[in-house]
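K.L.:
Mind looking at a prediction? Sequence and model below.
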Amino acid sequence: MRSLLNRTISTALLRQFENQFPAKQKLFQEDNGIPVALKGRIADVLLYRATMVLTVGGTAYAIYQLAVVSFPNKQD
């Protein structure tokens, strides 16, 4: 009886969702010049831009710190 109940609940939940894989596959395989990382939703675009900003900002900060360390303070 218990396995029948679990089986009914699990199969009922699966029937509520339709397969969205073919639509996503068509979207990501479309040749429209957009990188795959940006073909998803707006969250993908925001994550990509945040990554780019952090990368460029981190690189600039690292170069700045190297310049600061390269020229030590003069002692009077």
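P.N.:
Happy to help now that I have it.
K.L.:
only C-alpha atoms for contact and neighbour calcs from this point on.
P.N.:
OK.
K.L.:
remind me, longest helix of this structure?
P.N.:
The helix that spans the most residues within the chain, counting by DSSP state H, is helix 42-70.
K.L.:
Distance check, the residue nearest to A37 when sequence neighbours are not counted against P35.
P.N.:
Counting by CA to CA, 6 or more residues apart in numbering, the nearest residue to A37 once its immediate chain neighbours are dropped is D44, at 6.7 Å. D44 sits 11 Å away from P35, going by CA to CA, to the nearest Å.
K.L.:
if you count what's nearby, which of these two comes out ahead?
P.N.:
D44 (14 against 10; other CA atoms under 10 Å).
K.L.:
Surely the more buried one and A50 touch.
P.N.:
No - distance between D44 and A50: 9.9 Å, which falls outside the contact criterion (CA atoms under 8 Å).
K.L.:
Kindly state the pLDDT recorded for A50?
P.N.:
Per-residue confidence at A50 stands at 96 (pLDDT).
K.L.:
To clarify, my last question referred to D44.
P.N.:
Each residue has a pLDDT score; the one for D44 is 87.
K.L.:
No further questions, thank you.
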